[in-house]
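Trainee: The amino acid sequence is not available; the structure is as follows:
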């Protein structure tokens, strides 16, 4: 009978360092009593409770299931000494190990910084983000220790995405990377965006970089390319003529190549093709204001508005013989010019500087002015009615 009772009511005493589950049966400000299924109950002493977060301590209550680690199998009065803080630390190390194996990115709060990097905790485990793995600030190679520490210190209190890239439990070493986490999240956003985007969509984006052949637009996870030819209906020789890094722009999706992971965009397609209406806006003999945008050996180009450029042939620059257009005009110069040819089909507009004051156009200019005044008077009369 005694053998039966001993077998029924006593369990093997857990080993030192073992982490087990128990139930809180008593709680005071100086200790917590935990039933771990042995003849004697386990005690979490006050010094261990002090290592816990104050809010966590307050929320502990009788009946809660908790994990505890065995510190000593028996104290002076026969109790098993337990630790809640060590059990929580063990749990956090296991979580860190799982994050390393899964390579999952997670958000962590920066709790400290020094010249070498940032401190980000995984639960109670201290993780370190080396400066080389920080992406939220750009550190100059020439920066001294004080400048590096100041720049990194500005991140304290902020939440950043990180990944576990190295773990050594024996050395209490946990290395994290913000750069790796951002790469993963950007890749996830790009995959999602590539699956969502379709030809004809209009999206808002930010100019992320410029190059000789176009502009890259960040659509919020993936960059698309606006080729040089798709920036504007007018002639553009470099994207910097119409855009700068950081500009917010609306773009039209020309195509999505999911296999090659490329997105083709256009800015000009969101505007009407200007040459389709050029004959409504301009006519032969009209005086227009233009700005010289480019000079070549055969003439000078002048922009009349945002999208229409015309050519002033070298023979139309001056009544005198000249060897090069730069003898008469220079880039950026604004001039009154005469429209002498319009070919909407070929997207060509002929302009003249020398014919601005020609006598053959005097009657035309006078008639145009009268028509303009008559139209304005008619409009005023309609307004009065």
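Mentor: Nice, I can see it. Because the structure is a prediction, the values reported are computed rather than measured. Residues are numbered from 1 along each chain as shown.

Trainee: ok, which stretches of the stretch 101-250 of the chain are strands?
Mentor: 106-114, 117-122, 125-130, 159-168, 173-177, 202-211, 214-218, 223-227, 248-257 (DSSP state E, counting those that start in this stretch).

Trainee: now the fourth one against strand 125-130, angle please.
Mentor: With axes from the mean of the first three to the mean of the last three C-alpha atoms, to 10 degrees as the criterion, the two stretches strand 159-168 and strand 125-130 enclose an angle of 100 degrees.

Trainee: ok, now the fifth one?
Mentor: Between the axis of strand 173-177 and that of strand 125-130 there is an angle of 50 degrees, by the same axes, to 10 degrees.

Trainee: Check which helices and strands strand 173-177 is in contact with.
Mentor: Here strand 173-177 touches strand 117-122, strand 125-130, strand 159-168, going by 3 or more C-beta pairs under 8 Å, 6 or more residues apart in numbering; DSSP states H and E. From N, CA and C alone the C-beta is placed, and that goes for glycine too.

Trainee: OK, contacts around the residue positioned nearest the centre of the chain?
Mentor: Ranked by distance to the mean C-alpha position of the chain (C-alpha atoms, centre = their mean), the top residue is residue 220 at 6.0 Å. For residue 220, the contact set (C-beta atoms under 8 Å, 6 or more residues apart in numbering) comprises 189, 193, 205.

Trainee: Of these - the most surrounded one?
Mentor: Greatest neighbour count in these, by other C-beta atoms under 10 Å, goes to residue 205: 22 neighbours.

Trainee: Surely that residue and residue 248 touch.
Mentor: Yes. Proximity of residue 205 to residue 248 meets the contact threshold set by C-beta atoms under 8 Å, at 7.4 Å.

Trainee: okay if I get the helices and strands packed on strand 173-177 as TSV plus mean pLDDT, mean neighbour count and distance to residue 328?
Mentor: Below are the helices and strands packed on strand 173-177 laid out as TSV (pLDDT from 0 to 100; neighbours: other C-beta atoms under 10 Å; distance: least, C-beta to C-beta, whole Å):
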stretch	mean pLDDT	mean neighbour count	distance to residue 328
strand 117-122	94	21	62
strand 125-130	94	20	62
strand 159-168	94	18	59
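
Trainee: Make CSV from the ones you listed and add distance to residue 142 to it.
Mentor: Formatted as CSV, the helices and strands packed on strand 173-177 follow (distance: least, C-beta to C-beta, whole Å):
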stretch, distance to residue 142
strand 117-122, 18
strand 125-130, 19
strand 159-168, 25
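
Trainee: quick one: residue 357 and residue 59, what's the gap?
Mentor: Here residue 357 is placed at a distance of 90 Å from residue 59 (C-beta to C-beta, to the nearest Å).

Trainee: So for stretch 25-36, first residue to last residue, what's the gap.
Mentor: Stretch 25-36 stretches 10 Å from its first residue to its last (C-alpha to C-alpha, to the nearest Å).

Trainee: thinking again about what came up before, which one, of the helices and strands packed on strand 173-177, ends up nearest to residue 325?
Mentor: strand 159-168 (56.2 Å; C-beta to C-beta).

Trainee: packing partners for the closest one?
Mentor: Counting by 3+ C-beta pairs under 8 Å, 6+ apart, strand 159-168 packs on helix 84-102, strand 106-114, strand 117-122, strand 125-130, strand 173-177, helix 178-196.

Trainee: what's the pLDDT at the residue lying closest to residue 211 once chain neighbours are set aside?
Mentor: Of all residues not flanking residue 211 in the chain, residue 239 sits nearest, at 7.3 Å (C-beta to C-beta, 6 or more residues apart in numbering). pLDDT, residue 239: 93.

Trainee: contacting residues for residue 239?
Mentor: Per C-beta under 8 Å, 6+ apart, neighbours of residue 239: 210-211, 214-215, 226, 228, 231.

Trainee: Check the gap between it and residue 205 for me.
Mentor: Shown here: residue 239 relative to residue 205, a distance of 14 Å by C-beta to C-beta.

Trainee: Next: residue 318.
Mentor: In this structure, residue 318 and residue 205 are 46 Å apart, going by C-beta to C-beta.

Trainee: Neighbours of the residue nearest to residue 29 when sequence neighbours are not counted, how many?
Mentor: Nearest residue to residue 29, sequence neighbours excluded (C-beta to C-beta, 6+ apart): residue 46, at 7.4 Å. Number of residues near residue 46 (other C-beta under 10 Å) recorded here: 12.

Trainee: Check residue 102 too.
Mentor: Residues near residue 102, counting by other C-beta under 10 Å, number 10.

Trainee: mind checking pLDDT for it?
Mentor: So, for residue 102, pLDDT stands at 92.

Trainee: And for residue 370?
Mentor: As predicted, residue 370 sits at a pLDDT of 45.

Trainee: quick one on the thing from earlier: in a markdown table, list the strands of the stretch 101-250 of the chain along with distance to residue 68.
Mentor: Output for these, formatted as a markdown table (distance: least, C-beta to C-beta, whole Å):
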| stretch | distance to residue 68 |
| --- | --- |
| strand 106-114 | 26 |
| strand 117-122 | 20 |
| strand 125-130 | 18 |
| strand 159-168 | 24 |
| strand 173-177 | 23 |
| strand 202-211 | 52 |
| strand 214-218 | 50 |
| strand 223-227 | 51 |
| strand 248-257 | 55 |
